[in-house]
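Student: predicted model and sequence below, questions to follow.
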Amino acid sequence: KKDARKEASKQLDEFTKKWKKTDESIYSGIDKILQRHGIERCAYHGGQINGVDVRTLMENAKEILGEICVYLCNQLTDQSSISADDIGKLCKDCEEYLSL
């Protein structure tokens, strides 16, 4: 059982690495939006946003989350398990939390 868990974990890690590198991935699309606003994920911090970049995100939450919302809604397909309204509400909630 332990070997099976190890193998599954290894496969998940490999999939995640490939997925993040794909230019068409949602992760990459959101990353490009953040980069346009001068927000960089710190490689030394496991891809997390920290420090000055968090402040930039908080100060510009309305604009950034608005762009992310439009981007995500444009990615919806017939097979999507979430609606544009749900995405809009989630992005609005995130904007409000970041603006507190």
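Tutor: Arrived safely, thanks for sending.

Student: next one: the nearest residue to Arg41 once chain neighbours are set aside from Asp86, what distance?
Tutor: Excluding the flanking residues, the one nearest Arg41 by C-beta to C-beta, 6 or more residues apart in numbering is Gly47, at 4.6 Å. Quick note: C-beta positions are derived from backbone N, CA and C, even for glycine. Using C-beta to C-beta, to the nearest Å, Gly47 is found at 25 Å from Asp86.

Student: point out where this protein drops to low pLDDT.
Tutor: Low-confidence segments of the chain, defined by pLDDT under 70: 1-2, 4, 12-13, 15-23, 43-46.

Student: could I get the full set of helices for it?
Tutor: Here the chain has its helices, by DSSP state H, at 2-21, 26-36, 52-59, 61-74, 84-98.

Student: neighbours of Asn50, how many?
Tutor: Using other C-beta atoms under 10 Å, Asn50 has 12 neighbouring residues.

Student: quick one: residues contacting it.
Tutor: By C-beta atoms under 8 Å, 6 or more residues apart in numbering, Asn50 lies in contact with Cys42.

Student: how close does it sit to Cys73?
Tutor: Distance, Asn50 to Cys73, using C-beta to C-beta: 28 Å.

Student: with just CA atoms, put stretch 74-82 into PDB.
Tutor: Taking C-alpha atoms only, stretch 74-82 is exported to PDB below (Å, rounded to 0.1, in the frame of the first residue of the first chain):
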ATOM      1  CA  ASN A  74     -14.100  32.900 -21.200                       C
ATOM      2  CA  GLN A  75     -12.700  29.500 -20.400                       C
ATOM      3  CA  LEU A  76     -16.100  28.000 -19.600                       C
ATOM      4  CA  THR A  77     -17.300  25.100 -21.800                       C
ATOM      5  CA  ASP A  78     -20.500  23.000 -21.900                       C
ATOM      6  CA  GLN A  79     -18.700  20.500 -19.700                       C
ATOM      7  CA  SER A  80     -17.800  23.100 -17.000                       C
ATOM      8  CA  SER A  81     -19.100  22.300 -13.600                       C
ATOM      9  CA  ILE A  82     -19.400  26.000 -12.600                       C
END
